[in-house]
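> Model the structure of this input:
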Amino acid sequence: LCFKIFVVICELQYMFSNTVSQTDCYVSLSLPTASPETARTKTIKNCKDPVWNETFCFRIQSQVKNILEIKVYDENAVTKDDLLFTILFDIAKIQLGETVRLTFQLNPKTEEMLEVEFASESIPVPPERLVTNGVLVSREISCLEVLVDNRWTKKEPSEKDFLFSVKGSYEESQTLSLGSFWQPVKPLDFHYIKYSLSELRVALAEKKPHFYSVLLILWGFFPRVRQSIYMRKQMTETLILSDHAHLFNSGLCLRSRNLDVRLEFDLCKEEKNFLQKRKKFVASALKKALHLEQDLQEHEVPVIAVMTTGGGTRALTSLLGNLLGLQKLGLLDAISYITGSSGSTWTLSHLYQNTEWSHKDLSRPIGEVRRHMTKCKLSCFSLESLKYYAKELKLRKQEGYQISSVDFWGLLLEKALSDGKNNHKLSDERQALSQGQNPLPIYMILNIKEDYSLSEFKEWVEFTPYEVGFLKYGAFIRAEDFGSEFFMGRLMKKLPESRICFMKGLWSNVFSYNLLDAWHSSNPTERRSLRCTQHRVVDVGDEPSSPDGSHELDTYLVTPECGIMGIIRRLLTERVLVSKFYNFLKGFQMHNAYLQSKNFCLWKDTVLENFPSQLTETAEFMCLADTAGYIDISYPPLMRPERKVDVVLHLNYSSGSQTLPLEEASKYFQKQGIPFPKIHMSEEEKKNLKECYIFEDTETPEAPTVVFFPLVNDSFRKYKEPGVERSPAEMAQGNVDVSTIFSPYCLNSFTYTGEEFDKLIELSSYNIQNNQHLILQALNSAVEQKQQRKK
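Here you go, the predicted structure:
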């Protein structure tokens with residue numbers, strides 16, 4: 001349902017001023033879901049009780065969340081206008097056909113109040129075609145084609161470049177160059193929301209244009225637009241004001257086709273097909289490992305996953321050893337998923353270049369990594385290498401990507417951990433999944449905001465060979481389309497898929513953290529500190545509600561931070577090195593009932609959830625960072641209800657406390673209402689960690705069983721293999737330091753000796769093999785639970 005909303009800015013009472021003179025107030029209105037333009041009242045100077053009574057009209061779509069932003073400014077002739085207050089008002093509170101006059105109290109101490117009148121009326125138009133998953137909404141878009149008929153030009157134009165712009169469109173602005181009258185001019189296309197109040201503007205494309213003219217008001221109705229197009233004389237006269245007699249012609253066409261963004265919370269069909277094939281491998285492996293007499297039925301096959309953490313080259317090496325241990329136990333085929341973040345993604349992206357890696361002896365890929373880990377890394381900074389980096393970065397920029405230090409980091413990883421340029425891509429890993437022959441790899445990362453800390457804003461983003469997507473929004477694109485430009489769910493500009501080295505750089509991006517992230521990372525218990533630097537947000541809602549007010553948001557009064565706190569805030573949240581990729585959610589709007597979506601609420605944990613116009617769908621770029629700055633885990637993809645994971649092997653490689661990532665993950669999932677075992681370990685247990693622990697929640701069947709492997713050196717000191725003690729001459733081989741500050745496996749170590757590498761591989765492989773009984777116990781329990789549920 002579409003209807004008009006009328007907003008009357010009436011008056012402001014008892015406006016307080018800290019200066020000698022009264023304020024010079026004006027009010028601006030912004031409703032981004034209806035119009036990209038910002039409207040404003042006139043300025044009333046030197047008055048504490050300004051009266052405007054100015055009316056503004058918006059056309060809104062009731063299925064999206066329409067939040068009106070009313071801002072009160074004090075105009076300043078010398079410096080930037082002072083923003084005094086912002087009111088965020090949910091238009092859903094206004095019922096169709098009613099008129100309501102509301103008073104917003106801006107400051108209880110000084111009795112400052114703003115009076116606003118709202119009214120709505122229906123519009124007799126056909127219903128808009130929408131696509132939604134209950135969280136995001138894709139609206140109809142139109143394509144405006146701008147043509148120049150230069151046959152009317154009688155002489156060579158003195159100015160040839162014009163700047164056309166449609167605010168809120170995909171293109172935003174474009175330059176049109178005029179040639180001679182016998183040369184046809186290529187038309188310009190603008191894609192924008194069909195039923196939004198958008199304006200086509202034209203100006204001389206000078207560095208500081210003096211002329212800016214509104215040519216067309218685009219309402220989304222063909223008759224209205226065609227009438228404007230027909231008025232050639234009027235439009236030509238507009239341009240004559242700038243001494244240019246060129247005729248501009250415009251045409252409008254709809255852009256209607258299927259979305260290129262999948263708006264679903266369910267798994268994609270490719271992953272479902274993979275799981276169907278993978279079950280055969282899992283069932284066979286479990287029958288052999290658990291010594292089952294009969295084949296497992298399809299419903300009896302549990303979903304088993306390996307969850308890994310970051311940890312740089314320590315994670316790279318240890319994961320290889322863990323997988324070798326699972327291979328020796330015959331359990332690699334029992335695994336359906338492997339998730340990774342940061343350094344563990346280097347291992348996965350290396351292994352999946354071989355389509356049969358889990359069925360071949362892992363000694364070969366381990367040997368390849370060993371060769372690179374033990375070589376001198378000085379060649380990474382040779383003149384030849386630097387020239388190669390410059391060439392590749394230039395090519396990447398020409399392809400359309402935003403270049404950052406993360407791209408350089410990816411090239412360094414390529415040089416340090418491979419034999420040269422590697423053209424492998426994420427989507428190529430589908431070949432390793434085509435028959436279900438290997439576990440499905442999932443790479444984990446965070447979407448962040450430049451002016452917020454990770455504790456305030458972060459969103460989980462997963463990468464698989466099939467898709468890239470946001471868990472919270474239920475929005476996914478094909479893996480090969482990541483980095484391309486999208487608008488309202490349509491692929492607008494295809495960029496070449498990134499090589500895997502750039503993806504490895506992205507997945508291990510630790511360069512985008514700000515000072516507040518560093519503070520919270522070193523003091524995890526102090527994540528609520530420094531709130532005094534945030535905007536002051538107050539719920540002022542006592543307005544009328546609709547009969548079904550469950551979808552309505554409260555009304556908020558936002559007072560910006562000022563003075564020293566504002567400066568501190570900017571310093572603490574500034575991100576100097578940010579990795580930016582085009583946002584494939586650009587243009588989408590939030591559904592009116594998005595906060596009632598169960599899937600959205602599972603991952604709703606930022607300070608901006610109640611402010612839809614500030615969420616990711618409004619951003620031009622995604623800012624992506626390593627998960628370790630918040631919690632060093634890659635659990636979230638496995639916690640999606642659609643994946644139904646029964647057992648998780650948690651392989652920990654993080655620095656510092658080995659139990660902290662698991663403990664924080666448990667607290668996080670409990671806070672989110674996601675089934676997960678509670679972690680209870682005494683301080684004494686943490687000081688003397690064993691090789692393996694099992695955590696489960698017997699009261700919550702949906703919670704996965706967690707088999708936890710901290711990176712420790714316990715019985716390996718005395719045993720070279722499970723049950724085989726070391727001789728006195730072999731005792732030195734069991735001395736592997738993985739916990740002290742003198743460990744050769746610290747995060748900044750990028751080169752190991754051959755002995756150091758071999759010891760870490762042997763330790764991590766041994767820890768898996770030595771706890772075979774605990775792994776099988778968890779797997780057997782999962783099979784039994786599956787069988788009982790069916791009964």
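
> Near the residue nearest to residue 136 when sequence neighbours are not counted, how many other residues are there?
Distances taken as C-beta to C-beta, 6 or more residues apart in numbering place residue 588 nearest to residue 136, at 4.4 Å, with adjacent residues excluded. Using the backbone N, CA and C atoms, a C-beta is placed for each residue, glycine as well. Residue 588 sits with 29 neighbouring residues when counted by other C-beta atoms under 10 Å.

> What are the boundaries of the strands in the stretch 601-750 of the chain?
With DSSP state E, counting those that start in this stretch, the ranges of strands along the stretch 601-750 of the chain come out as 621-625, 647-651, 693-695, 705-709, 719-721, 724-725.

> Residue 639 and residue 670: what is the separation?
12 Å (C-beta to C-beta, to the nearest Å).

> one step back: tell me who's in contact with the residue nearest to residue 136.
By C-beta atoms under 8 Å, 6 or more residues apart in numbering, the contact list for residue 588 reads 136-138, 261, 473, 475, 488-489, 617.

> How about residue 719?
725-726, 734, 766, 770.

> Next: residue 162.
175-176, 178, 202-205.

> Of the strands of the stretch 601-750 of the chain, which is nearest residue 746?
strand 647-651 (18.5 Å; C-beta to C-beta).

> Which members of the contacts of residue 588 are positioned in strands?
136-138, 475 (DSSP state E).

> out of those residues, who's nearest residue 330?
Nearest to residue 330, judged by C-beta to C-beta, of the ones in strands among the contacts of residue 588 is residue 475 at 38.7 Å.

> pretty sure that closest one is in contact with residue 262, am I right?
Yes - judged on C-beta atoms under 8 Å, residue 475 makes contact with residue 262 at a distance of 7.2 Å.

> who has more neighbours, these two?
residue 475 (27 against 18).

> From residue 639, how far off is that one?
Distance of residue 475 to residue 639, computed by C-beta to C-beta: 18 Å.

> picking up where we left off before, how about TSV for the strands of the stretch 601-750 of the chain, with mean pLDDT and distance to residue 605 added?
As requested, these are arranged in TSV below (pLDDT from 0 to 100; distance: least, C-beta to C-beta, whole Å):
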stretch	mean pLDDT	distance to residue 605
strand 621-625	94	16
strand 647-651	99	21
strand 693-695	98	22
strand 705-709	99	21
strand 719-721	96	43
strand 724-725	96	47
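
> picking that back up, ok, of the contacts of residue 719, which come out buried?
Buried members of the contacts of residue 719, scored by 16 or more other C-beta atoms under 10 Å, are 726, 734, 766, 770.

> from these, which ones fall inside helices?
Per DSSP state H, helices hold the following members of the buried ones among the contacts of residue 719: residue 766.

> hmm, which two among the buried ones among the contacts of residue 719 are most spread apart?
Taking C-beta to C-beta, the two most distant members of those are 726 and 770; they sit 13.5 Å apart.

> circling back to that earlier point, give the residues shared as contacts by residue 639 and residue 670.
Counting by C-beta under 8 Å, 6+ apart, the residues touching both residue 639 and residue 670 are residue 676.

> If you count surrounding residues, which of the two has more?
The residue with more neighbours, out of residue 639 and residue 670, is residue 639; 24 against 14, by other C-beta under 10 Å.

> who are the neighbours in contact with the more buried one?
602, 645, 669, 674, 676.

> Run through the bridge partners of the spatially most central residue of the chain.
With distances taken as C-alpha atoms, centre = their mean, residue 447 lies nearest the centre of the chain, 3.5 Å away. Going by DSSP bridges, residue 447 is paired in beta bridges with residue 459, residue 624.

> Next one, pLDDT for it please.
As predicted, residue 447 sits at a pLDDT of 95.

> and the gap between it and residue 490?
21 Å.

> Also residue 558?
The gap separating residue 558 from residue 490 is 33 Å, by C-beta to C-beta.

> try residue 79
Distance from residue 79 to residue 490, by C-beta to C-beta: 42 Å.

> now do residue 468
Relative to residue 490, and taking C-beta to C-beta, residue 468 is found at 16 Å.

> neighbour-wise, which of those two wins?
residue 468 (23 against 19).

> Flag whichever of the contacts of residue 588 scores worst on pLDDT.
residue 617 (90).

> residue contacts, that residue?
When contacts are counted by C-beta under 8 Å, 6+ apart, residue 617 touches 136, 473, 583, 585-590.

> can you give me the helices in the stretch 651-791 of the chain?
Ranges of helices within the stretch 651-791 of the chain are 660-672, 683-687, 754-769, 772-790, based on DSSP state H, counting those that start in this stretch.

> and of those helices, who's closest to residue 596?
Within these, the stretch nearest residue 596 is helix 660-672; the backing value is 16.1 Å (C-beta to C-beta).

> Tabulate the CA atom coordinates of that closest one in CSV.
Output of helix 660-672 as CSV, limited to C-alpha atoms (Å, rounded to 0.1, in the frame of the first residue of the first chain):
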residue,chain,number,x,y,z
LEU,A,660,38.5,-17.4,26.3
PRO,A,661,37.2,-17.7,22.7
LEU,A,662,35.0,-20.6,23.7
GLU,A,663,33.7,-18.9,26.9
GLU,A,664,33.0,-15.7,25.0
ALA,A,665,31.2,-17.6,22.2
SER,A,666,29.0,-19.4,24.8
LYS,A,667,28.1,-16.1,26.5
TYR,A,668,27.4,-14.5,23.1
PHE,A,669,25.1,-17.3,21.9
GLN,A,670,23.2,-17.4,25.2
LYS,A,671,22.7,-13.6,24.9
GLN,A,672,21.4,-14.1,21.4
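
> Show me what it is packed against.
Contact partners of helix 660-672 among helices and strands, from 3 or more C-beta pairs under 8 Å, 6 or more residues apart in numbering; DSSP states H and E: none.

> now what about the helix with the most length in the chain, what contacts it?
Longest among the helix segments of the chain by residue count, using DSSP H, is helix 269-289. Among residues not part of helix 269-289, those counted as contacts by C-beta under 8 Å, 6+ apart are 267, 292, 294-296, 298, 300-304, 329-336, 430, 433, 435-437, 439-440, 464, 466-467, 776, 779, 783.

> Among those residues, which are located in helices?
Applying DSSP H to the contacts of helix 269-289, the entries found in helices are 776, 779, 783.

> So for residue 143, which of the strands of the stretch 601-750 of the chain sits nearest?
Proximity to residue 143, assessed across the strands of the stretch 601-750 of the chain by C-beta to C-beta, is greatest for strand 621-625 (23.5 Å).
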